[in-house]
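A.B. asks: Got a predicted structure plus its sequence, pasted below:
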Amino acid sequence: MGHPGPLLGFVPMADTHAPDLAPGVTVEARDEEWLVTNVTSARDGKLVSLRGLSELVRDHTATLYTALDKVTRIDPAAVTVEPDASAGFRTTRLWIESMLRSTPVPLYQEELAVAEEMLADPLDYQLDAVKKALSSDNTRPRMLIADAVGLGKTLEIGMILAELIRRGRGERILVVTPRHVLEQFQQELWTRFSVPLVRLDSLGIQKVRQRLPISRNPFTYFPRVIVSMDTLKQAKYRTQLEKSRWDAVVIDEIHNFTNRGTQNNQLARTLAPTTEALLLASATPHNGDPDSFKEILRLLDPTSVLPSGEIDTSVARRLIIRRNRRSQEVAQVVGDKWADRDDPRHILVAPTEVERAIGEELKSTWTDPDSGRSPGENPLFGWTLTKANLSSPAALKETLANRLKAVAQKTGRRADDERAALERLAGLAERHLDEGSSKLDALVSYLEEIGVGPGKRNTTRAVVFSERVATLSWLKESLEERMGFKDGAVRILHGGLDDTEQLAIIDSFKRENSPIKVLVTGDVASEGVNLHEQCHHLVHFDIPWSLIRIQQRNGRIDRYGQRHTPQIVTLLLDPADESTPGDLHVLQRLVDREAEANHHLGDSSSLMGRYTAGEEEKVVQKILARERDFDEEVKTPEQAEEDARGLGSTADGADDISSLLDALGLSLEDIAADEGSSAAAPAGRQSLFPDEKTYLKEALNAAFHDQPSASHAGGGVSWRDHGNDTAELAPPPDLQRRLDFLPQDYVDYRHVKEKVVLATSETTGADLLERAKHGSSESTWPSAHYLGPLHPVTEWAVDRALANMSRKEIPAATADVDAPAVLLMGTLTNRRGQVISRSFIVSSPTDLGIMTADAIPDPVAWLRGCGLDERAINPRQAEVTEDDEKLVRRAVEAARGILSQTVEAADVDARRRIDEFTERADRWEELAEGATRGPQVKRSEQLIERERKLVSDFTPSPNPLIRPVVLLVPKR
């Protein structure tokens with residue numbers, strides 16, 4: 001949808017129509033209605049910044065010169081009153097409902113407007129995240145969602161975005177995720193929250209380029225997009241992003257964006273200043289480098305990290321929400337929707353003769369050489385070989401082949417010795433492949449034991465993890481041969497596959513009718529991918545040398561929504577003597593320690609204090625080599641919990657940041673214990689219609705002359721209400737154009753441009769969402785889309801129904817009132833044109849003709865009390881005279897006195913928020929005067945200065961907008 005933009009490059013002419021403009025007034029320009037957000041003087045005229053109010057330009061911004069465009073101030077009282085002759089006052093109810101829904105609720109409204117009407121079954125702790133993001137303590141909605149694996153961060157993000165949309169702050173949304181979770185994220189936001197994101201990645205970009213001119217910026221054409229971090233690394237997209245502005249940006253797995261100097265970090269730094277709301281998500285936000293974690297905080301609020309480099313924990317607590325499986329607020333509500341996992345089962349496998357020989361060769365030649373010196377130049381390469389051997393003979397063979405290729409051209413005795421050792425080991429690896437693997441035998445036995453096998457009767461599935469791609473390919477071939485699987489029953493997933501293939505495999509595995517029985521995957525699936533819908537068996541074919549990796553892998557099936565007990569199994573060689581390198585039972589203890597932390601803390605990230613898989617692997621390698629002690633390097637859950645309680649007001653080092661994150665969870669539990677529940681209260685359904693289906697049906701009846709069931713040729717949309725909480729319609733061309741902004745996989749697979757099928761109740765919507773995974777569907781896109789409060793089909797239908805009503809017109813209806821009563825809506829905006837207060841006022845004349853004005857808390861309740869509901873009967877008695885239109889004018893003037901109090905209260909609230917930021921910024925700058933002024937301090941100074949200018953725009957406009965909504969006249 002195009003919209004007017006700045007008219008630059010023109011020489012302004014004489015300003016012949018420069019009305020009395022000021023921020024907060026409404027104007028008409030280019031046949032559309034706008035809110036003035038800023039006015040500056042220009043040569044021969046004024047430069048007016050606008051935010052759209054009418055349908056075609058709603059929430060779009062534009063800048064016009066009054067010398068070039070006619071900008072006419074709208075008098076809100078200058079309306080025409082038209083009697084409503086529709087049955088049951090349908091037009092009046094649609095008009096009022098449309099106005100209530102299209103006018104944003106204030107950003108800082110405590111009650112949630114739509115989050116609990118979505119298809120999410122929200123839990124209190126998830127609603128807490130929504131409340132914290134929208135808290136009036138924040139200058140803007142910017143937050144790190146650091147909940148542990150499996151708690152539903154995507155659902156929390158979906159609810160926050162839905163609330164932002166309802167608050168007029170979500171017209172333009174960008175979501176950045178790893179490519180293997182693109183479709184999963186896109187599906188969750190659309191199917192549950194009616195937040196449509198167009199996927200711009202790989203195949204998606206090809207489709208876009210076919211539809212747009214080559215010079216067009218796709219990020220300005222599609223208002224809401226989801227794109228992979230890999231795509232945005234490309235310079236051509238970076239340039240386009242710098243020119244874009246967003247209402248909300250979501251970056252998933254933010255820990256991948258924190259290393260300064262990387263392309264990912266540059267991307268995050270580019271996006272953060274371009275958006276008002278910034279939602280960052282990661283279960284492991286701390287990678288062990290304190291500077292990396294501070295980078296996350298600076299993206300959210302530059303004052304959160306002091307010039308000295310210390311974290312201001314008072315600010316950090318406001319920016320971060322972190323809970324885990326064992327947090328009180330989580331444990332008390334998840335119930336049977338998250339089954340506790342069993343203790344890990346370790347299958348210890350006696351090595352074969354050749355496996356013992358390989359272990360002895362690795363130990364005596366490479367990791368603990370008899371000569372005191374290992375072959376080659378890298379003394380740690382023996383541990384690389386050991387790790388490959390613990391994975392599979394195929395992985396060992398590949399590692400040896402690569403190393404032999406690397407040393408092929410080297411000369412000298414040292415190189416000759418290394419080649420000889422490598423070739424000796426390669427011979428053993430080849431023999432191992434020929435004679436078979438004891439771990440593979442154990443895996444086959446275990447899979448058969450739990451019921452994994454060919455044929456439709458064997459419905460059990462398993463996920464098998466391994467770090468090495470060579471192992472994945474070898475496992476696939478071996479399992480197909482040993483277990484009689486047909487092609488497609490064992491699938492491989494790893495980062496080398498293109499994004500389309502990855503998404504297709506993940507989507508298939510989630511469905512009940514999927515042919516996949518065993519998913520053999522690398523650690524690409526250990527971050528963010530949900531595999532629990534049809535699976536509760538997970539096998540570590542090789543054990544990661546990292547608690548982080550173990551936890552991430554386990555979290556694929558051990559997460560909210562898992563109703564079966566997760567079964568975690570490890571396979572580990574168990575030699576009877578010390579013929580292998582190091583103490584392999586260390587890996588078993590590592591898995592057990594992660595399980596202990598999961599049971600007691602709900603999270604294991606703080607046990608080693610390293611915070612990246614790579615750093616943890618280095619420590620574990622030293623433990624395996626008996627150079628470090630396991631218990632000294634890997635804390636018990638009790639030790640980690642004790643360390644989290646000693647944090648002061650600032651944090652600097654890695655251990656302090658670890659304690660800060662853990663302490664955030666503890667403090668949230670304390671709050672929950674003190675206050676009972678901190679979940680945000682829902683506003684409750686406030687509507688003149690009993691449900692969304694009735695609202696849509698009435699709109700269709702009004703738009704298509706009570707014949708929406710007719711075909712297109714007959715003037716309808718083939719509307720069918722099936723009576724089983726589903727309905728359908730055939731979209732006409734104007735609705736089809738809106739469908740271009742929906743997820744295209746959904747539109748194509750469900751043929752949505754031919755037929756839109758809607759689920760009209762939460763129960764049916766949830767059931768069909770599950771059926772897409774459990775039934776015969778070839779896709780996890782549901783057959784009917786839930787008709788929630790943000791659904792674009794309803795918006796389209798209401799626009800069609802009210803198309804003949806002028807913006808300068810309001811309806812009149814007879815009602816149970818003693819005297820004519822005007823319902824008015826007053827909105828107050830800040831200098832950016834964002835609604836910060838919304839009030840409803842009823843104005844009526846007294847017997848003496850004096851206009852009274854009273855604020856009412858709930859306009860819907862008041863209207864229903866006047867008899868304007870779904871049971872209303874229209875006797876068509878309403879008559880309008882010139883006196884009634886004068887009455888509306890007088891009502892607008894009477895309402896101004898009420899709204900003056902609102903302006904004062906809003907000004908106090910905004911000033912409090914501005915002052916709090918100003919005090920933080922001033923304190924930061926005072927501390928900076930004595931600090932070393934490195935690049936990071938200078939960058940923070942620039943960000944803080946930019947923030948000061950933004951915050952100043954949060955002050956209220958002095959001109960509240962008053963709009964008459966409806967005139968109610970007494971019945972005869």
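C.D. replies: Perfect, thanks for sending it. Note that the structure is predicted; figures quoted are calculated from it, not measured.
A.B. asks: Every contact and neighbour count from this point should use C-alpha atoms.
C.D. replies: OK.
A.B. asks: Show me what secondary structure element comes after the helix or strand of the chain with the lowest mean pLDDT.
C.D. replies: Least confident element among the helices and strands of the chain, by mean pLDDT, DSSP states H and E: helix 654-675 (a mean of 49). For helix 654-675, the following helix or strand on the C-terminal side (DSSP states H and E) is helix 692-703.
A.B. asks: tell me the mean pLDDT for the next helix or strand after that following helix?
C.D. replies: For helix 692-703, the succeeding helix or strand toward the C-terminus, using DSSP H and E, is strand 720-721. Averaged across strand 720-721, pLDDT comes to 96.
A.B. asks: Which elements pack onto strand 720-721?
C.D. replies: In terms of contacts (3 or more CA pairs under 8 Å, 6 or more residues apart in numbering; DSSP states H and E), strand 720-721 is packed against strand 726-729.
A.B. asks: how distant is whichever helix or strand comes after the strand it packs on from the center of its chain?
C.D. replies: Proceeding N to C from strand 726-729, the next assigned helix or strand is helix 733-739, under DSSP H and E. Its chain's C-alpha centre and that of helix 733-739 lie 26 Å apart, by CA atoms, centre = their mean, to the nearest Å.
A.B. asks: mind listing what's buried in helix 733-739?
C.D. replies: Counting neighbours by 16 or more other CA atoms under 10 Å, one finds that the buried residues in helix 733-739 are 735-736, 739.
A.B. asks: What would that helix look like as CSV? C-alpha coordinates only.
C.D. replies: Extracted C-alpha coordinates of helix 733-739, given in CSV (Å, rounded to 0.1, in the frame of the first residue of the first chain):
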residue,chain,number,x,y,z
PRO,A,733,-10.7,-8.8,-5.6
ASP,A,734,-10.4,-6.1,-3.0
LEU,A,735,-10.0,-8.8,-0.2
GLN,A,736,-7.6,-10.8,-2.4
ARG,A,737,-5.3,-7.8,-2.6
ARG,A,738,-5.2,-7.7,1.2
LEU,A,739,-4.3,-11.4,1.3
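A.B. asks: care to break this structure down by domain?
C.D. replies: As given by automatic domain parsing, the domain ranges for the chain are 1-74, 115-322+671-675, 341-347+437-621, 354-432, 685-789, 809-970.
A.B. asks: Redo those domains as TSV? Include distance to residue 99.
C.D. replies: Below are these laid out as TSV (distance: least, CA to CA, whole Å):
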stretch	distance to residue 99
domain 1-74	11
domain 115-322+671-675	13
domain 341-347+437-621	38
domain 354-432	62
domain 685-789	11
domain 809-970	8
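A.B. asks: Minimum distance to residue 332: which of those has it?
C.D. replies: When these are compared by CA to CA, domain 115-322+671-675 sits nearest residue 332, at 9.7 Å.
A.B. asks: For the closest one, what is the distance to the chain centroid?
C.D. replies: In this view, domain 115-322+671-675 has its centroid 6 Å away from the chain centroid, taken as CA atoms, centre = their mean.
A.B. asks: again with stretch 629-637
C.D. replies: 35 Å.
A.B. asks: Give me the distance between the two termini of that stretch.
C.D. replies: Length of stretch 629-637, first residue to last, CA to CA, to the nearest Å: 17 Å.
A.B. asks: Let me know the average pLDDT across it.
C.D. replies: Per-residue scores along stretch 629-637 average to 90.
A.B. asks: Residues contacting that stretch, please?
C.D. replies: If you take CA atoms under 8 Å, 6 or more residues apart in numbering as the criterion, stretch 629-637 is touched by 586, 593, 596-597, 600-601, 604, 607-608, 619, 623.
A.B. asks: Looking at the residues you listed, which is nearest residue 498?
C.D. replies: Closest approach between the contacts of stretch 629-637 and residue 498, by CA to CA: residue 604, at 31.6 Å.
A.B. asks: quick one, phi/psi of that closest one?
C.D. replies: Reported as degrees, to the nearest 10, the phi and psi values for residue 604 are phi -110, psi 10.
A.B. asks: go on, the one 3 residues further on?
C.D. replies: Dihedral angles of residue 607 (phi, psi; degrees, to the nearest 10) stand at phi -70, psi -40.
A.B. asks: Surely it is in contact with residue 640?
C.D. replies: Yes: using CA atoms under 8 Å, residue 607 is in contact with residue 640, at 6.0 Å.
A.B. asks: before we move on, the earlier item: most neighbours, which of the contacts of stretch 629-637?
C.D. replies: residue 604 (28 neighbours; other CA atoms under 10 Å).
A.B. asks: And the strands in the stretch 301-450 of the chain, which stretches?
C.D. replies: Along the stretch 301-450 of the chain, counting by DSSP state E, counting those that start in this stretch, strands occupy 311-312, 320-321, 345-349.
A.B. asks: can you redo the buried residues of helix 733-739 as JSON lines with distance to residue 26 and pLDDT?
C.D. replies: Output for those, formatted as JSON lines (distance: CA to CA, whole Å; pLDDT from 0 to 100):
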{"residue": "735", "distance to residue 26": "29", "pLDDT": "94"}
{"residue": "736", "distance to residue 26": "31", "pLDDT": "95"}
{"residue": "739", "distance to residue 26": "30", "pLDDT": "94"}
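A.B. asks: Now residue 857. Nearest residue, chain neighbours left out?
C.D. replies: Leaving aside its sequence neighbours, residue 857 sits nearest to residue 840 (CA to CA, 6 or more residues apart in numbering; 7.0 Å).
A.B. asks: quick check: mean pLDDT across the helix or strand the one you found falls within?
C.D. replies: Using DSSP H and E, residue 840 sits in strand 835-845. The predicted model assigns strand 835-845 a mean pLDDT of 93.
A.B. asks: Can you give the distance from it to the centre of its chain?
C.D. replies: The chain centroid and the centroid of strand 835-845 are separated by 34 Å under CA atoms, centre = their mean.
A.B. asks: Can you identify the element that follows it toward the C-terminus?
C.D. replies: Following strand 835-845 in sequence order, the next helix or strand is strand 851-856 (DSSP H and E).
A.B. asks: what comes up buried for that next one?
C.D. replies: Buried, per 16+ other CA under 10 Å, within strand 851-856: 851-853, 855.
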